[in-house]
Structures are given as structure tokens and as C-alpha cells.
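Enquirer: coords below, sequence missing:
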């Protein structure tokens, strides 16, 4: 490089700088997604001992979340009952004023009757000019007496109903208040357990940070999968509703009393994959049980299918796991908060489903014969 002038040296340095940037930049661009990928790899690569501790923390987190949801629902129910109670109380006040007003009128009538005596009414009746007038006078007095009695009975009955309704609502509020108190106590206990677990983690010193990061990563991914799963259920309903599952693959067999058919897992998986841009969902059918898996998200749900409304095959999850961590019942229900995953035969034909059976690799169903 001794023979090179300043321009030549500058060119070489510039070339070296460009080569360095070319080498570095390709690593930086995919590195933007590296934190999420590394977090997933850390969760997937934990040891059995780490998994046991993380499982306990995750279960506690699920239980606390469920109790928080129940507590919120209870508070909302209490507020609704309070509004209803206030409305009933206002109705009772209006009814009471109406009752008191009509009772005052009745008292005035009775006072007038007492002052004038029965002879005055008798004179009214006997003062009739003809038979028609006579009968009209008698009916008027009878109606006055009867209507007054009916009015009092009606007012008393309506007042009693409203008071009973208000008392019932008050009892409901008392029960809900007790339920909220029990929930608050349960949540406090769960939080205490969590604090004890945190204290245990803190005693591990350096490992405490490790477990907290694992739990935070796992919780973040759980929040994401809840949203994604709701979208998958809607997408699956759309695909089935548009009749994407081929009729010829139902393998229908017609009998005298019913029609039998099958839905094979490989066909169902292919139909979803070919018609959706979302994360792949995989069905597995085993004798007596079904499994739904989202491989990319490490989610697995196990349960069975049943007939719903005579036209759909509904999947009910009984247990599940997320990154190998057991899911609580409430957490599984939270996945289906926007609707259940089902195969609606209304997309194919107007039929009445009689039964469904989960077999090895397929669902076997029977429908009422169309003939």
C-alpha cells in the first residue's frame, strides 16, 4: 500500500467499510425477531426441574386470573342488581303515592256516606223516574262499592308484589356481596401463595431472575395465543360455513333408518390448511377422544365431540397443555370465550344429526334418513 496515494487509500478503507457493513447487516435484520425466538427456545429448552417450578407458577397465575374474572363478573352483577333495586324502589314509591291518593278519595267517600247516611243513597235510587233510571241507579251504587273494593285489593296485591321483589333483590345482593367477599379472600390467599413462591425464588438468588423471565415469556405467549385461538375458531367456522369440505369425502352410506358418514382428520386438516392464512391447526382423532394441536404455538387440547342442536358436531376440550404446562379448566374455557369450535352440517345440507363417535383417524356420524 506504500505506492498508493491518499485517494487510493481512502478507496480501500471505504471498500473495507462496505464489506464490514455487508457482513454485519444481514445478521442485524433477522436479529429484530431474535428476542422472541430466543424466548421461545428458552422455554422449550428448560430442564424437568425448571419445568416443575414454572408449572407451579403458571398454574397459580391462571387461577388468580380466573378469580379476578369471577370477581369482576360478581361486581358487575351486584351493580345491575343495585340498579334494578333502585328502579323497584322508585316504582314502589309511585305506587304508594297512588295508593295513598286513592285511599284518601275512598276515605272522603266513606265520610260523605257516614254524614249523609244510607238514606241519601236510598233517596237517589227511589228518586228514579222510571224503571230504566231505577236500575241504572242501583247499578251505579253497586259499581261504586265493587270497584272501590277491587281497587283496594288490586293496590294491595301490586304493592305486595313489588315489596316481595325488592326483598328478593336485596337477598340477591346480600348473596353476591358474600360471594365477592369469598372471592376477595380466595384471591388474597392465592396472592399470598404467589408471594411465598416469589420468596422461594428470591432465595435462589441468580435463578430467581431466570424463572421470572421464563414466567413473563410464558405469560406473554399465553396472552397472544388466546387472541389467536379466537381468530382460528372464527376462521374454521368460516371455512366450514362456505362448504369447503367436499361432500364426496363424507363417504355417506344410506340405510333404512339413517345415513352414516365419516369426517377424516387428514381431509379436515388439508381443508383448513388450503383455505386459511392463519397458523396451522391439526386435528387428531383417536378411539374415544379427539385432540386439537397448534404445533407452532405448542398448544394441545384434548376432549371429544358431541352433537349440538341436531346439526353440528361440537368439540369440547377437557384438558390441555401449553408448552408442556398443564392448563386449568378456566384457562381452557377462556380460549373458547368467543365461541366453540364446531362442524356445522348446515353448511352441507339440512339434516338432523343423531350421534357422533370418535374413531381412529376419523369421526363417524349418523343422521336421520332423508327418506
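Expert: Yep, it's here. These numbers come from a predicted model, not from an experiment.
Enquirer: CA atoms for contacts and neighbours, from now on please.
Expert: OK.
Enquirer: what domains does the record give for this structure?
Expert: For the chain, automatic domain parsing gives the domain ranges 73-188, 228-368.
Enquirer: Just the terminal-to-terminal distance for the first one.
Expert: Read it as domain 73-188. 17 Å (CA to CA, to the nearest Å).
Enquirer: Now do that domain, average pLDDT.
Expert: Mean per-residue pLDDT for domain 73-188: 71.
Enquirer: same check, this time on the longest one
Expert: Per-residue confidence for domain 228-368 averages out to 90 on the pLDDT scale.
Enquirer: all helices of this structure, in order?
Expert: Using DSSP state H, the helices of the chain run over 6-31, 34-44, 48-116, 118-126, 131-203, 206-241, 265-275, 329-335.
Enquirer: Including mean neighbour count and distance to residue 219, could the domains of the chain go into CSV?
Expert: Shown next, in CSV, are the domains of the chain (neighbours: other CA atoms under 10 Å; distance: least, CA to CA, whole Å):
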stretch, mean neighbour count, distance to residue 219
domain 73-188, 14, 19
domain 228-368, 17, 10
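Enquirer: Turn those domains into CSV, including distance to residue 51.
Expert: As requested, the domains of the chain are exported to CSV (distance: least, CA to CA, whole Å):
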stretch, distance to residue 51
domain 73-188, 24
domain 228-368, 8
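Enquirer: So which of these is nearest residue 59?
Expert: domain 228-368 (6.9 Å; CA to CA).
Enquirer: the strands in the stretch 251-371 of the chain, which residues?
Expert: 253-254, 258-264, 282-286, 289-294, 299-308, 312-322, 325-326, 342-344, 353-359, 362-368 (DSSP state E, counting those that start in this stretch).
Enquirer: Adding distance to residue 164, write those out as CSV.
Expert: Output for those, formatted as CSV (distance: least, CA to CA, whole Å):
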stretch, distance to residue 164
strand 253-254, 59
strand 258-264, 53
strand 282-286, 54
strand 289-294, 50
strand 299-308, 39
strand 312-322, 41
strand 325-326, 47
strand 342-344, 44
strand 353-359, 45
strand 362-368, 49
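Enquirer: Quick one: closest of those strands to residue 96.
Expert: Nearest of the strands of the stretch 251-371 of the chain (CA to CA): strand 299-308, 49.3 Å.
Enquirer: angle of the closest one against strand 353-359?
Expert: 150 degrees (axes from the mean of the first three to the mean of the last three CA atoms, to 10 degrees).
Enquirer: Now do strand 299-308: which elements does it pack against?
Expert: Strand 299-308 is packed against strand 289-294, strand 312-322, strand 353-359, with contacts defined by 3 or more CA pairs under 8 Å, 6 or more residues apart in numbering; DSSP states H and E.
Enquirer: List of residues touching the longest one?
Expert: It refers to strand 312-322. The contact list for strand 312-322 (CA atoms under 8 Å, 6 or more residues apart in numbering) reads 222, 297-308, 326-329, 332, 340-346, 353, 356.
Enquirer: which of the residues in stretch 201-213 are buried?
Expert: Judged by neighbour count (16 or more other CA atoms under 10 Å), stretch 201-213 contains these buried residues: 201, 208, 211-212.
Enquirer: Now flag whichever of these is closest to residue 65.
Expert: residue 212 (17.4 Å).
Enquirer: before we move on, the earlier item: and the domains of the chain: which comes nearest residue 63?
Expert: From the domains of the chain, taking CA to CA, the stretch that ends up closest is domain 228-368, at 7.5 Å.
Enquirer: Please compute how far that closest one lies from its chain's middle.
Expert: Here domain 228-368 is found 20 Å from its chain centre; the criterion is CA atoms, centre = their mean, to the nearest Å.
Enquirer: Kindly check the end-to-end length of that domain for me.
Expert: Termini of domain 228-368 sit 36 Å apart (CA to CA).
Enquirer: and stretch 324-331, how far apart are its ends?
Expert: Note: stretch 324-331 ends 15 Å apart using CA to CA.
Enquirer: do stretch 330-344 as well
Expert: 25 Å.
Enquirer: Check what contacts it and list those residues.
Expert: 62-63, 66, 226, 229-230, 233, 236-237, 240-241, 311-317, 319-320.
Enquirer: Nearest spatial neighbour of residue 232, chain-adjacent residues omitted?
Expert: residue 278 (7.0 Å; CA to CA, 6 or more residues apart in numbering).
Enquirer: just checking, that neighbour touches residue 234?
Expert: No: using CA atoms under 8 Å, residue 278 makes no contact with residue 234, being 10.9 Å away.
Enquirer: Could you give the backbone dihedrals for the residue nearest to residue 232?
Expert: phi -80, psi 180 (degrees, to the nearest 10).
Enquirer: what about it, distance to residue 235?
Expert: 8 Å.
Enquirer: Residue 104 now?
Expert: Counting by CA to CA - residue 104 and residue 235 are separated by 67 Å.
Enquirer: Quick one: the buried residues of stretch 201-213 as JSON lines, columns for pLDDT and distance to residue 53 too.
Expert: JSON lines is the format used below for the buried residues of stretch 201-213 (pLDDT from 0 to 100; distance: CA to CA, whole Å):
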{"residue": "201", "pLDDT": "74", "distance to residue 53": "9"}
{"residue": "208", "pLDDT": "79", "distance to residue 53": "11"}
{"residue": "211", "pLDDT": "82", "distance to residue 53": "8"}
{"residue": "212", "pLDDT": "83", "distance to residue 53": "11"}
